[in-house]
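Trainee: Next input, structure requested:
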Amino acid sequence: MIQHKHSHSHSHADALSFNDPRRYALSNRCTWISVFVNIGLTIVQVLAGIFAHSQSLIADGVHSLSDLISDFLVLIASYHSKSPADDTHPYGHGRIETAASLILGAILVLTGLGIMYGAAMKLENLGNMPPVTSLALWTAGLALLAKEGLFRYMLKVGEHLRSPMLIANAWHARSDAASSLVVAVGIAANMLGFIYADSVAAILVGFMIVRMGLMFAWEAFQELIDAGLSFEEVSSIRQTLMDTQGVQNVHDLRTRKMAHRVLVDAHILVDSKISVSEGHSIAERARKRVIETHESVNNVLVHVDTEDDAGYGEEIPPIFPSREELLEALSEVLNGLTEPEQVTFHYLAGKVEADVLISSDALKTKAAITKANQLIMERLVGHPYFSVIRLAAKLY
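Mentor: Got it, this is the predicted structure:
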């Protein structure tokens, strides 16, 4: 498992773009190569195991058969996951890869348990077991070389495509290589007189299969329940958002995986007095910076806040009256003073601040303006909606 995680830490400088049309072709070719290799290994190992009287070699052949099944799962999932988003799958079909990885894990667990059970039964009847011949040892060595070469090829392609499914299948091939090594050692020990060694090797192979299956199934399950990225990855994304000009703070940052892609949701705090279009522009810049800086991120949903509402927690923030209701309330405050030409509302700290643009000839003298402001202040005392109303004259 440590090795599997390490594979994700390599540089992605030469990785293929998620939208590159070559992704499916490369994934398909890699998997078909694995299919043909595993077909050959399954036939050779099972037949050699039968003729050479090696239970562990037959178990390794069954392991190769499980690889063959997983390869077809990968082919099917790869074909369907490349489909674009549609009305019923607005986020695309990437989770098909995840589901395939979960099924692959389950197949490995069941296969491993079956092998362990069969080998344990054989250990109870060691006296009736025929000796293992040298054919089994040569076959195990050939299988070891083939599986190690397949692992290195598939891992290289999987990292190039940044496909968890292909990487998982590559490490599955590595587990096969390790199991073939155990089988070779068990067969050699059996030929040296340790008659139980072949069955013990079969049990070890079964255990390795179960372990790998549990790891793949757990990782896929975590993705299906929308587990987030690591603390370090989330912190890096948060810093990228904070470094965007115009962003004052970031909260409610959430992440989730969808196969080889990452989806991000975030709330950013901007100046409460800027226009809606400027706030939108800041959000778009923040979104673009995250996607360009973090290659695994496919999409970022940015919510713009004009005040820090993180303190509300699960509570619903205060709901303000509609603009029509506020304009009606504002006309009562301004009654007898002036008719506004333009009104901008700012919803802050549970109250509303209003910037009112009036005609330059509405209040012509300084004394008239002062009197109007005093009257507005009096009418605002205890007002249920407004905290501040600012008058500004329109110059021609």
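Trainee: Assign the most centrally placed residue in the chain to helix, strand or coil.
Mentor: Residue closest to the mean C-alpha point of the chain, counted by Cα atoms, centre = their mean, is residue 257 at 1.3 Å. Classification of residue 257 by DSSP: H, G, I helix; E, B strand; the rest coil places it in strand.
Trainee: who does it bridge with?
Mentor: Counting by DSSP bridges, residue 257 forms beta bridges with residue 262.
Trainee: Looks like it contacts residue 227 (just checking).
Mentor: Yes: in this structure, residue 257 is within contact of residue 227 by Cβ atoms under 8 Å, at 7.3 Å. Using the backbone N, CA and C atoms, a C-beta is placed for each residue, glycine as well.
Trainee: and the host helix or strand of residue 304, average pLDDT?
Mentor: For residue 304, the host element (DSSP states H and E) is strand 297-305. For strand 297-305, mean pLDDT is 90.
Trainee: Any chance you could list what contacts whichever helix or strand comes after it?
Mentor: Counting by DSSP H and E, the next helix or strand C-terminal to strand 297-305 is helix 323-333. With contacts defined as Cβ atoms under 8 Å, 6 or more residues apart in numbering, helix 323-333 is touched by 320-321, 340, 343, 345, 352, 354, 356, 376, 379-380, 383, 385-386, 389.
Trainee: ok, and for helix 323-333, which residues are buried?
Mentor: 326, 329, 330, 333 (16 or more other Cβ atoms under 10 Å).
Trainee: again, but for stretch 130-147
Mentor: 132-133, 135-137, 139-144, 146-147.
Trainee: Ok, stretch 236-243 next?
Mentor: Those buried within stretch 236-243 under the rule 16+ other Cβ under 10 Å are 237, 238, 240, 241.
Trainee: Any chance of the residues you listed in a markdown table with distance to residue 123 as columns?
Mentor: Formatted as a markdown table, these follow (distance: Cβ to Cβ, whole Å):
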| residue | distance to residue 123 |
| --- | --- |
| 237 | 53 |
| 238 | 55 |
| 240 | 57 |
| 241 | 59 |
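Trainee: Can I get the residues you listed in TSV including secondary structure?
Mentor: Shown next, in TSV, are the buried residues of stretch 236-243 (three-state DSSP):
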residue	secondary structure
237	helix
238	helix
240	helix
241	helix
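Trainee: Same list (these) but as JSON lines, adding pLDDT and distance to residue 63.
Mentor: Output for the buried residues of stretch 236-243, formatted as JSON lines (pLDDT from 0 to 100; distance: Cβ to Cβ, whole Å):
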{"residue": "237", "pLDDT": "94", "distance to residue 63": "40"}
{"residue": "238", "pLDDT": "95", "distance to residue 63": "43"}
{"residue": "240", "pLDDT": "95", "distance to residue 63": "44"}
{"residue": "241", "pLDDT": "95", "distance to residue 63": "46"}
